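> Give me coordinates for this.
(one chain, ligands or ions: 2)
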Amino acid sequence: MITGYTGTAVRDAEQPLLEAGRGPELMAKAAYGLANAVAWRLRESGGTYGSSIVLLIGPGNNGGDALYAATLLLNRGVRATAVLVADRAHQEALTSFRLAGGRILKLDGRHEECLAVALSADLVIDGILGIGARGGLRGELAGFVERLAEHAPAVIACDLPSGLDADSGAVSGPLLAALETVTFGAIKTGLLLPPGEEFCGELSQIDLGLELGDAELRRLDEHDIVDHWPWPHRVDHKYSRGVLGVVAGSNAYPGAAHLALRGALSAGTGMIRYLGPADPPPEVVRGASTVAANRVQAWLVGPGVVEDEAQQRRCLDALRSGLPVVADAGALSLLPRELGPNIVLTPHAGELATLLSGLGDRTERTDVERQPLRHAKRAVELTGATVLLKGATTIVVGPDGQVYSQSEGTPWLATAGSGDTLAGIIGTLLASGVEPALAAAMAASVHGRAGVLASQGGPIAASDIATAVPRVLGELSCLA
Ligand SMILES: NC(=O)C1=CN([C@@H]2O[C@H](COP(=O)(O)OP(=O)(O)OC[C@H]3O[C@@H](n4cnc5c(N)ncnc54)[C@H](OP(=O)(O)O)[C@@H]3O)[C@@H](O)[C@H]2O)[C@@H](O)CC1
Ligand SMILES: [K+]
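Ligands and ions are numbered 1, 2, ... in the order given. Model prediction:
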């Protein structure tokens, strides 16, 4: 499992060590880790000796880390130039850099020269701002970084890409996209959240021996899925594995029902009872026409139910049943005022904006895209439900504050019906008794992996995702 911590949590954990006079030791560890990462990249592209790096150095300790790392690299035969982008820099680090033979330039009014130097380097080290940043890059510096970014240089970010908010992943102003981000003490939450995540490249973490509390955010890996997936036991039967009720599809939209059912079947449900006008596949049992008359362990409601009053009534009945429910698509505009934590809402950014606006918090789609975690948390606060916010990185927030961020997918997953399949997988897990936030996060992970497997780099249809899910689970089960 990957865990994410806020910049504030990292600062708090560092504080006792700083008070004990161990600041220089922490910085030395950070610099050593960064230097190794840079050396590794330089070796990959032809060798360290004689190669050149340019450091963009801001006013704080982030710049200090980069300068100390470069000092180590100068001693290994790397040529290094520091471009000082602020009116001050970490003095001790700058002195050791200079003494080791580093060249120093000031950005102040010399953009053309600094740009040319940066673009001629093998690697650029972004040491402008770290967790001490307040807002994005501004003024003259923002203009310089914007111009540099247009040339897409090879960048390694020191702790985090400068201008990215360490806690939220929000981006304001220009940013250098990194090949790799070498982060210190703990992975900051902003590096695992959109939109900032897209600028981080590969993540590597340098351990500083900090004592951190509970993580703010979790990202499940394949071992977590293996540990928590409801694998069937030899003595299980269809009822013991969980029965899922599905209210999906309408005369106008039968396809959504098919894809949701296929999603649920692909994840290994014990049994499905289907309510609606679509023709279900042979593995699915037709349920009684009212929600109350069906014995199930969980409900999946909403895909393709617009313009069908009978289906919409069933959605509402399921949402009021007290059972775990995954509410997708059309069900999101039918929500009763009171929802429990065992209801999983699965909006995309636009649907979340509509949901929040409907609850009195005027929100635009772009607001959600800029700060997805903040808005997903707000929806949990206002509804009491579990929220899965779909996107290239899918965020899940549970009512107890658990946050998951899953990013296994491929852009090809952005296709009609993909969400119906995801809802089906969540439904199967809920019916098996998996706790809602974990069910949603595992489903997002498996759905993403299935998308990648089905795609092989090319386009996919939503039904291809369902077809690939059993193979993904088969491969994961081998790790058990
Ligand atoms: N603590 C430790 O033990 C360890 C910390 N480590 C390292 O330290 C980093 C944190 O260092 P830090 O606290 O000095 O903050 P950092 O981000 O370098 O700069 C803040 C300065 O920038 C300025 N500034 C702020 N926003 C701005 C903006 N938008 N645009 C322009 N300027 C802006 C602001 O100046 P002000 O505006 O207040 O005058 C402030 O002085 C951390 O990320 C990690 O790399 C590691 O070595 C491990 C041990
Ligand atoms: K940085």
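
> how about the helix ranked longest in the chain: buried residues?
The helix spanning the most residues in the chain, taking DSSP state H as the definition, is helix 23-44. Along helix 23-44, the positions that meet the burial threshold by neighbour count (16 or more other Cβ atoms under 10 Å) are 26-27, 29-31, 33-39, 41-42. The C-beta positions use only the backbone N, C-alpha and C, and glycine is treated the same way.

> Please name every helix or strand in contact with that helix.
Using 3 or more Cβ pairs under 8 Å, 6 or more residues apart in numbering; DSSP states H and E as the contact definition, the elements that helix 23-44 packs against are helix 7-19, helix 61-74, strand 123-127, strand 155-158, strand 180-184, strand 202-206.

> among the ones you listed, which is nearest ligand 1?
When these are ranked by proximity to ligand 1, the top entry is helix 61-74, at 3.1 Å, counting by Cβ to the nearest ligand atom.

> And for the closest residue to ligand 2 within the stretch 201-350 of the chain, the neighbour number?
Nearest residue of the stretch 201-350 of the chain to ligand 2, counting by Cβ to the ion: Gly201, 12.6 Å away. By the measure other Cβ atoms under 10 Å, the count of residues near Gly201 is 18.

> got a list of what it touches?
With contacts defined as Cβ atoms under 8 Å, 6 or more residues apart in numbering, the neighbours of Gly201 are Val155, Ala157, Ala177, Ala178, Leu179, Glu180, Thr181.

> for the residues you listed, which one is nearest Ala133?
Comparing the contacts of Gly201 against Ala133 with Cβ to Cβ places Ala157 closest, at 12.1 Å.

> correct me, but the closest one touches Leu176?
Yes: proximity of Ala157 to Leu176 meets the contact threshold set by Cβ atoms under 8 Å, at 7.3 Å.

> what touches both of the two?
Common contacts of Ala157 and Leu176 (Cβ under 8 Å, 6+ apart): Asp126, Phe199.

> Between these two, which has more neighbouring residues?
Taking neighbours as other Cβ under 10 Å, Ala157 and Leu176 compare with Ala157 leading, 31 against 24.

> Please report how far the residue in the stretch 251-400 of the chain positioned nearest to ligand 1 lies from His223.
For the stretch 251-400 of the chain and ligand 1, the shortest gap (Cβ to the nearest ligand atom) falls at Arg370, measuring 16.6 Å. According to Cβ to Cβ, to the nearest Å, Arg370 stands 33 Å off from His223.

> More neighbours: the two, which one.
It is Arg370, of Arg370 and His223, that has more neighbours when counted by other Cβ under 10 Å, with 18 against 12.

> Confirm for me that the more buried one is in contact with Leu193.
No: using Cβ under 8 Å as the test, Arg370 is too far from Leu193 to be in contact (11.0 Å).

> where along the stretch 301-450 of the chain do the helices fall?
Listed in chain order, the helices of the stretch 301-450 of the chain (DSSP state H, counting those that start in this stretch) span residues 309-319, 349-358, 365-370, 372-383, 418-431, 436-455.

> Looking at these, which one is packed in the most?
Each of these was assessed for mean neighbour count using mean count of other Cβ atoms under 10 Å. The highest is helix 418-431, with a mean of 31.

> any residue of the longest helix of the chain up close to ligand 1?
Yes: Helix 23-44 comes into contact with ligand 1 (Cβ under 6 Å from any ligand atom), by way of Gly23, Leu26, Met27, Ala30.

> That helix: how far from the chain's middle?
On the basis of Cα atoms, centre = their mean, to the nearest Å, helix 23-44 is displaced by 26 Å from the centre of the chain it belongs to.
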